[in-house]
Structures are given as C-alpha cells and as structure tokens.
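Asks: fold the following, please.
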Amino acid sequence: MFDWYLKNDDTEPVIQARFHARSEHRGEPLALPETAVLFFQSQGAPYLQANYPALALTEMLPRFLFPTPVYAVKGEEGVCWRPGRAPGG
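Replies: Model (predicted):
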C-alpha cells in the first residue's frame with residue numbers, strides 16, 4: 001500500500017486554516033456568532049433572505065474552496081447562516 005505522506009517529513013503543511021483565514025480577510029478580524037446554520041438544501045438560504053430582514057455579516061467566509069457569505073436575521077444576530085453550497089454549485 002502506498003502512503004500519501006513521508007513518515008520522516010516534518011515540513012509545515014502547504015494549506016493551514018489559520019493562515020488561509022487571515023489571507024482571505026487581509027488581516028481584518030472576523031467576529032461571528034457561536035451558533036451557525038448551514039443550509040445544504042438549495043432554497044433554505046434564499047427563503048430566509050426573501051422573507052426576513054437579512055444582514056450580511058461577511059461577504060466571504062474563508063474556506064478551502066468557494067468562499068460564501070454569512071448572514072443573520074436583523075435583531076437575531078446570535079445565530080448566523082450560510083449557504084452550504086457555493087454559488088451556482
């Protein structure tokens with residue numbers, strides 16, 4: 001069986017979450033609520049946006065591929081949500 005890593009390799013990983021998050025926001029702090037809802041149904045996030053006063057907390061949540069916006073309902077900022085899929089995905 002072929003290992004996908006070298007046992008004696010002690011180099012740093014190429015992709016590291018703490019550096020990736022900072023690079024996406026160019027050093028700006030990102031403060032989000034502790035509770036988040038991820039919608040993997042295609043109409044969950046659009047339904048909330050159409051029927052409730054939505055606030056964009058950030059336009060681009062850093063993640064490995066396809067950053068997405070994060071929203072909250074105005075007056076209920078203790079819970080946020082984001083689409084589970086990338087736009088068009």
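
Asks: and after the lowest-mean-pLDDT helix or strand in the chain, which helix or strand comes next?
Replies: Every helix and strand of the chain was ranked by mean pLDDT, DSSP states H and E. The lowest is helix 17-25, at a mean of 60. Downstream of helix 17-25, the first helix or strand assigned by DSSP states H and E is strand 35-39.

Asks: paired strands for that next one, with orientation please.
Replies: Take DSSP bridges as the rule and strand 35-39 pairs in its sheet with strand 76-83 (parallel).

Asks: can you report phi and psi for Gln49?
Replies: Dihedral angles of Gln49 (phi, psi; degrees, to the nearest 10) stand at phi -60, psi -40.

Asks: my read: it touches Tyr71, true?
Replies: Yes - with contact defined as Cβ atoms under 8 Å, Gln49 and Tyr71 form a contacting pair (6.9 Å). Where C-beta positions appear, they are placed from N, C-alpha and C, glycine not excepted.

Asks: what residue is smack in the middle of this structure?
Replies: Leu61 (3.8 Å; Cα atoms, centre = their mean).

Asks: who's more crowded, Gln49 and Tyr71?
Replies: Using other Cβ atoms under 10 Å as the criterion, Gln49 and Tyr71 rank with Tyr71 on top: 20 against 16.
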